[in-house]
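# Here is a sequence with its predicted model. Questions after.
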Amino acid sequence: MNTIGRYEIIQELGQGGMATVFLAHDPYMRRQVALKVLSYSLAADDLHQEYFQREAEAIAALEAPTIAPIFDFGWYGAQPYFVMRYMAGGSLEDKLRAGPLALPELAHIIERVAAGLDVAHKRGIVHRDVKPSNILFDADGEAYLADFGLAKFLERTVEEDGESGLLVGTPEYMSPEQVRAEAIDGRSDVYALGVVLYYALARCLPYQAHSSLTTARAHLTEPVPDISLVRPDLRPVWREIISQALAKDPATRYATAGELATEIREAASGRWYLRKLI
C-alpha cells in the first residue's frame, strides 16, 4: 500500500490546478482523512509553495466550527502536504448537479458558510475562492467552507504576497475589485457568496463567456442579471438580495457574509415579508 508520511493512501479524490487530494487512512487515529499534496511540478516554485503554506496557516488559525479543520502538515520528499478532515458528503457542486435545493436547505448552507467567512474576515483573512466546489459536506450533511489555497492575509502587502498584476481566483466567482487586482476585503467574498446563491437558484451562472478573461470582465461591465427571468416563481425579494450581494461597488453590498445569510434565511422562511409589513 502506498503511504505519504504515516498515512495510507486509499484512492485519489480529485486534482486541482495546484494539488492532488487523496482519501487516506490514519493508522494512529484509526480514521479516514483527506490528504492534500502540492503537485510535484509546482513544488520548486516559491509562489506556489507560499500559497500552499498559506492555506495550512489560514485553516490552522481559524478554529471555526464551519471551516473544514486541518490535522497535520508534513513533507513527502520535496512536496508539502497537509491533512484535513475527510468530508464524505461531497460538495455543493455535487448537490446542485443532482437537482435543485429547497430554499430552507439552501439558506442553512449559506448560513454555515457565512459564519466561517465572518470568522476569517475578523481575523484579517479573505478566502478569494468561494464557490460550490469549495463548500463540502460531512457524513451528516452539514456544510463546511474549505480550500483556503488562495486566501489573502490583509496585513501582508501585495509585494509580500508576490501577486502584483496577477488575476487570482475563479473567474465565474470573482468580485469586480478582484478582477481589477485592487485591494480587497471581506466584501469580495460576500460577492462570491452572492454568485453561489444565484447559481444555486438559477442553475446557471450570472456571468459566463467563451473565455476566462471575458467572463472576468463581465463582472465589471455587465449589469446584475434578473433572477426572475430564469426563476419567475421566486418572490421579488430574491432579486433584491442578489442585486445587493452582486453590487459592483463594495460599499453598497452587504457589509458581512452574515448579513447576507440573514436576509436569505428570512426570505426562505417568509419572515422577510412580515418584517416589511411592520
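Yep, it's here.
# make it CA atoms for all contacts and neighbour counts henceforth
Noted.
# Enumerate every residue touching residue 129.
Applying CA atoms under 8 Å, 6 or more residues apart in numbering to residue 129 gives the contacts 147, 148, 150, 151, 169, 170, 173, 174, 189, 192.
# With respect to pLDDT, which of those residues ranks lowest?
Within those, residue 150 has the lowest pLDDT, namely 71.
# residues contacting the nearest residue to it once chain neighbours are set aside?
Leaving aside its chain neighbours, residue 150 sits nearest to residue 128 (5.9 Å; criterion: CA to CA, 6 or more residues apart in numbering). Neighbouring residues of residue 128 by CA under 8 Å, 6+ apart: 148, 150, 151, 152, 168, 169, 174, 188, 189.
# cool, and residue 187?
Residue 187 sits next to 250, 253, 254, 255, 256, 257 when contact means CA under 8 Å, 6+ apart.
# ranges for the strands of the stretch 101-250 of the chain?
For the stretch 101-250 of the chain, the strands defined by DSSP state E, counting those that start in this stretch cover 125-126, 135-137, 143-145, 152-153.
# Among those strands, single out whichever gets nearest to residue 46.
Nearest of the strands of the stretch 101-250 of the chain to residue 46, taken as CA to CA: strand 152-153 at 16.2 Å.
# Compute the number of surrounding residues for residue 171.
By other CA atoms under 10 Å, 23 other residues sit near residue 171.
# Let me fix that, I meant to ask about residue 145.
For residue 145, the count of nearby residues is 29 (other CA under 10 Å).
# Likewise for residue 71?
15.
# if we can go back for a sec, quick one: buried ones out of the contacts of residue 187?
In these, burial by neighbour count holds for 250, 253, 254, 256, 257, counting by 16 or more other CA atoms under 10 Å.
# nearest residue to the last one other than its sequence neighbours?
This means residue 257. The nearest residue in space to residue 257 (CA to CA, 6+ apart) is residue 114, at 4.8 Å.
# got the contact list for the one you found?
Counting by CA under 8 Å, 6+ apart, residue 114 has contacts 257, 258, 260, 261.
# and which of the contacts of residue 187 is nearest residue 87?
When these are ranked by distance to residue 87 (CA to CA), residue 257 comes first, at 23.0 Å.
# domain parsing for the protein?
The chain breaks down by automatic domain parsing into domains covering 3-85, 92-277.
# what separates the last one from the chain centre, distance-wise?
In terms of CA atoms, centre = their mean, to the nearest Å, the centre of domain 92-277 is found 8 Å from the chain centre.
# Relative to residue 121, how far out is the nearest residue to residue 19 once chain neighbours are set aside?
Nearest residue to residue 19, sequence neighbours excluded (CA to CA, 6+ apart): residue 38, at 4.3 Å. For residue 38, the distance to residue 121 equals 26 Å [CA to CA, to the nearest Å].
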